[in-house]
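**Student:** got a predicted structure here, sequence first:
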2 protein chains.
Amino acid sequence: MKNLLIASTSTVYGEEYLDYLNTEMAELFKDTEEVIFIPFARPGGISHDGYTEKAAKPFQKIGKKLIGLHTFENPAEVLKNAKGAFTGGGNTFVLVSTLYRLELMQPLREAIFNGLAYMGTSAGSNICGVSMQTTNDMPIVYPPSFKTLGAISFNLNPHYLDPDPSSKHMGETRETRIAEFHSQNNIPVIGLHEGSWLRVKGDEIMLKGELNARIFEQAKEPFEIESGTILNLNSEF
Amino acid sequence: MKNLLIASTSTVYGEEYLDYLNTEMAELFKDTEEVIFIPFARPGGISHDGYTEKAAKPFQKIGKKLIGLHTFENPAEVLKNAKGAFTGGGNTFVLVSTLYRLELMQPLREAIFNGLAYMGTSAGSNICGVSMQTTNDMPIVYPPSFKTLGAISFNLNPHYLDPDPSSKHMGETRETRIAEFHSQNNIPVIGLHEGSWLRVKGDEIMLKGELNARIFEQAKEPFEIESGTILNLNSEF
């Protein structure tokens, strides 16, 4: 049974790293004392060790030990046997390139479909979608494919921002960018505001946190869903 | 001799499409009555015909006829013989994918190095750099390569935005994104605010418009340059 927590952001304004997810993390990882950390998105270019050290602190608060996947000789085997995994944010292109280079995309997908308790934030959430094509990140490296885990049947846009009617900036709004995605693709997209997350249990997906989310589908008007809404993986929104 | 106008944006707030570049365009294209339009970036998914129609209007104002490259049977030959070309903005991934698919990247590069008067805005400017890896666009299609024209020896970040100290959004600032680019690459980047452009004549590149631009180099502090600064293509900033 799938068991995922897919969060828009690791950090909400004015709070410590992962603090707002504290209770949800404790529930997600209740059956394991050890969680495997996937540090490959490297925010700001931080090292794998440095990132693991940072991420370990909020896990200590809930009594869990976080261990970097990069420290193992056979990471595919580690994922297969793990009871919990967390992929942190950073650059999605770097994350996806590294997962393909180390041949870990398929083992991670299989582990998730076999019930691995998985948490992702930002880039670590993007990879749960069908493709990484609705990321906000810069293409700083060239991945062999944009295809990702497909743990959910749609794509994410994390750190979603509503258009700002007072803006004088002429760059595309997030909504325009997603509309351009739908001029080329038919995968639905959920825009998750910071502070929102999806909780996936089997085929049931619930929007959690305090805010609405926005649903974008090809050739349809976008619409809002409220926190608490249940999305069914195998049907239309 | 290279002859390019590389603009951050097609449109500045409160003005009509391309209006602020009117005088510069007339000067750039003074030796031709016809300009070839490269419509492949398709902003908002607009058709090639629709985009050409839109872009033709400001060219009519300066007495030029704009003709879509997509209307020719042998576009590579058209680029070779053209005296002027304009690539409009939109999605850089779509633009680059289409240029590669139609085998036009190399012919366009050769035409530019042979003196084609070239104007780009936004995505059409991104492709003048060494790579498209500092675009702000979403990866809505998968191009065969991120390598671009290399008409200048650095990369662009168009629609550049300074960090907003009052923001409560936790997504990366533009400066953080470019720093992440430099954790993986050593190509210098110029952040061009909306309303700024580069005028390239041979090996001389001048920053024009009313605003400063921001220069980012690997392992160095970013710094500002003023309008009127001359950058030499073949040396450090």
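**Tutor:** Happy to help now that I have it.

**Student:** tell me the confidence at residue A:226?
**Tutor:** Reading off the confidence values, residue A:226 has pLDDT 96.

**Student:** give the closest residue to it in space, chain neighbours not counted.
**Tutor:** With Cβ to Cβ, 6 or more residues apart in numbering or on different chains as the criterion, residue A:226 has its nearest non-adjacent residue at 5.6 Å, and that residue is residue A:212. Backbone N, C-alpha and C define where each C-beta goes, glycine included.

**Student:** which residues does that neighbour contact?
**Tutor:** Residue A:212 makes contacts with A:193, A:224-227, as judged by Cβ atoms under 8 Å, 6 or more residues apart in numbering or on different chains.

**Student:** residue A:14: what's its closest spatial neighbour, skipping adjacent residues?
**Tutor:** Using Cβ to Cβ, 6+ apart, the nearest residue to residue A:14 is residue B:168, at 7.7 Å.

**Student:** for the one you found, what are phi and psi?
**Tutor:** The phi/psi pair for residue B:168 (degrees, to the nearest 10) reads phi -100, psi 10.

**Student:** pretty sure it contacts residue A:13?
**Tutor:** Yes: counting by Cβ atoms under 8 Å, residue A:13 is a contact partner of residue B:168 at 4.0 Å.

**Student:** contacting residues for residue A:104?
**Tutor:** Contacts of residue A:104 by Cβ under 8 Å, 6+ apart are A:69, A:75-76, A:79, A:98.

**Student:** isn't residue A:176 up against residue B:44?
**Tutor:** Yes: with contact defined as Cβ under 8 Å, residue A:176 and residue B:44 form a contacting pair (6.5 Å).

**Student:** name the residues that touch stretch A:45-64?
**Tutor:** Stretch A:45-64 has contacts (Cβ under 8 Å, 6+ apart) with A:16-19, A:22, A:25-26, A:29, A:32-35, A:37, A:39-40, A:42-43, A:65-68, A:70-71, A:84, A:86, A:88, A:90, B:179-180, B:182-184.

**Student:** how does it look with 7 Å?
**Tutor:** Applying Cβ atoms under 7 Å, 6 or more residues apart in numbering or on different chains, the contact partners of stretch A:45-64 are A:17-19, A:22, A:25-26, A:29, A:33-35, A:37, A:39, A:42, A:66, A:68, A:70, A:86, A:88, B:180, B:183.

**Student:** give the buried subset of these as a ChimeraX selection command.
**Tutor:** Of the contacts of stretch A:45-64, the buried ones go into a single ChimeraX selection, burial set by 16 or more other Cβ atoms under 10 Å in any protein chain shown:
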select /A:18,25,29,35,37,39,42,66,68,70,86,88 /B:180,183
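
**Student:** tell me which of the contacts of stretch A:45-64 fall in strands.
**Tutor:** Judged by DSSP state E, the contacts of stretch A:45-64 include A:34-35, A:37, A:66, A:68, A:86 as members of strands.

**Student:** which among the residues you listed are in contact with chain B?
**Tutor:** Counting by Cβ under 7 Å from any Cβ of the partner chain, nothing from these sits close to chain B.

**Student:** so how far is residue A:120 from the residue nearest to residue A:14?
**Tutor:** The gap separating residue B:168 from residue A:120 is 22 Å, by Cβ to Cβ, to the nearest Å.

**Student:** neighbour-wise, which of the two wins?
**Tutor:** More crowded of residue B:168 and residue A:120, by other Cβ atoms under 10 Å in any protein chain shown: residue A:120, with 29 against 9.

**Student:** list the buried ones in stretch A:204-215?
**Tutor:** A:205, A:207-209, A:211-215.

**Student:** try stretch A:113-131
**Tutor:** Here stretch A:113-131 shows A:116-131 as buried, counting by 16+ other Cβ under 10 Å.

**Student:** pull the most distant pair out of these.
**Tutor:** A:117 and A:131 (23.6 Å; Cβ to Cβ).

**Student:** run a quick neighbour tally on residue A:158.
**Tutor:** If we define neighbours as other Cβ under 10 Å, then residue A:158 has 31 of them.

**Student:** what's around the nearest residue to it once chain neighbours are set aside, how many residues?
**Tutor:** Leaving out its chain neighbours, the residue that sits closest to residue A:158 by Cβ to Cβ, 6+ apart is residue A:8, at 4.4 Å. Residues near residue A:8, counting by other Cβ under 10 Å, number 28.

**Student:** again with residue A:90
**Tutor:** So residue A:90, with other Cβ under 10 Å, has 25 neighbours.

**Student:** separation between it and residue B:109?
**Tutor:** Separation of residue A:90 from residue B:109 (Cβ to Cβ): 33 Å.

**Student:** alright, calling it a day.
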